[in-house]
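[1] Turn this into a model:
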Amino acid sequence: MQTVKMVVTGPFNAGKTAFIQAISEIDVVSTERKISSEAERVKETTTVAMDFGRITVDDDLVLYLFGTPGQKRFDFMWEILSEGMLGFVVIVDSARPETFREAKGILQTFRAYAPTPYVVAANKQDRDDAWTVEDLRIALKLDRKIKMLPCVASDRESVKKVLLELLYSILEEMKEK
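    Residues are numbered from 1 along each chain as shown. The predicted model follows:
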């Protein structure tokens, strides 16, 4: 059986935990903790180490999903979680332009860890205030070759499309080696 490690990363509150919960066939192993700082109280909890989920694609292939913490103070976990990854997803909150620069920085950081395939998921596309995928591509200054996909992290089919695109990229790269 082939296992593929994928990392799901992005800024705080971008939708990483929801993304993994929407698709995992097991109960997601999560390190969520209550948020103590009022400044960060956009939501009640935050991931402090990682989220872990699993998907069996078929008899020969299992995907392991590792979600990173989004807050800067936990970024020491990023490099640890990136070890052995065959690809990664950067989730961007399409409705929060103030996080775009941070998302771009996270993307560059993960590219430095390993030159693996990646996709960018433009999350919260179901919201009225979400930027379009094309506008987001321009804001993030992403090359046309980079796969950027619309996403709703809580929707299983949407998450599946993002992960399949990443998987296709990983398999393509494996064929070339």
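
[2] Next up, the contacts around R127.
    Counting by Cβ atoms under 8 Å, 6 or more residues apart in numbering, R127 makes contact with S94, A95. All C-beta spots, glycine's among them, are computed from the backbone N, C-alpha and C.

[3] Can you list the helices and strands that the helix or strand harbouring A22 packs against?
    Taking DSSP states H and E as the criterion, the element that holds A22 is helix 16-23. If you count contacts as 3 or more Cβ pairs under 8 Å, 6 or more residues apart in numbering; DSSP states H and E, helix 16-23 packs onto strand 2-9, strand 45-58, strand 61-67, strand 87-93, helix 156-176.

[4] just the angle between the fourth one and strand 2-9, please?
    For the pair strand 87-93 and strand 2-9, the angle between their directions (axes from the mean of the first three to the mean of the last three Cα atoms, to 10 degrees) equals 30 degrees.

[5] how long is stretch 65-79 from one end to the other?
    End-to-end distance for stretch 65-79, by Cα to Cα, to the nearest Å: 15 Å.

[6] mind listing what's buried in that stretch?
    By 16 or more other Cβ atoms under 10 Å, the buried positions in stretch 65-79 come out as L65, F66, G67, T68, P69, G70, Q71, F74, M77, W78.

[7] if we take these, which one ends up nearest to K147?
    Nearest to K147 among the buried residues of stretch 65-79: L65, at 17.4 Å, using Cβ to Cβ.

[8] Across the sheet, point out what pairs with the closest one.
    M6, G53 (DSSP bridges).

[9] Hmm, it is touching I23, no?
    Yes. With contact defined as Cβ atoms under 8 Å, L65 counts as touching I23 (7.4 Å).

[10] Now do the shared contacts for these two.
    Joint contacts of L65 and I23 (Cβ under 8 Å, 6+ apart) are G53, I55, L163.

[11] mind giving me JSON lines with those residues and columns for pLDDT?
    Formatted as JSON lines, those follow (pLDDT from 0 to 100):
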{"residue": "G53", "pLDDT": "94"}
{"residue": "I55", "pLDDT": "94"}
{"residue": "L163", "pLDDT": "96"}
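
[12] Filter the residues you listed down to the buried ones, ChimeraX style.
    This is the ChimeraX syntax for the buried subset of the shared contacts of L65 and I23, where burial follows 16+ other Cβ under 10 Å:
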select :53,55,163
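
[13] follow-up on the earlier one: among the buried residues of stretch 65-79, which pair sits farthest apart?
    Maximum pairwise distance in the buried residues of stretch 65-79, criterion Cβ to Cβ, is 19.3 Å, between L65 and Q71.

[14] Which residues are in contact with the closest residue to L81 other than its chain neighbours?
    Nearest in space to L81, with sequence neighbours left out and distances taken as Cβ to Cβ, 6 or more residues apart in numbering, is F66 at 4.9 Å. Applying Cβ under 8 Å, 6+ apart to F66 gives the contacts K5, M6, V7, V8, M50, D51, F52, L81, M85.
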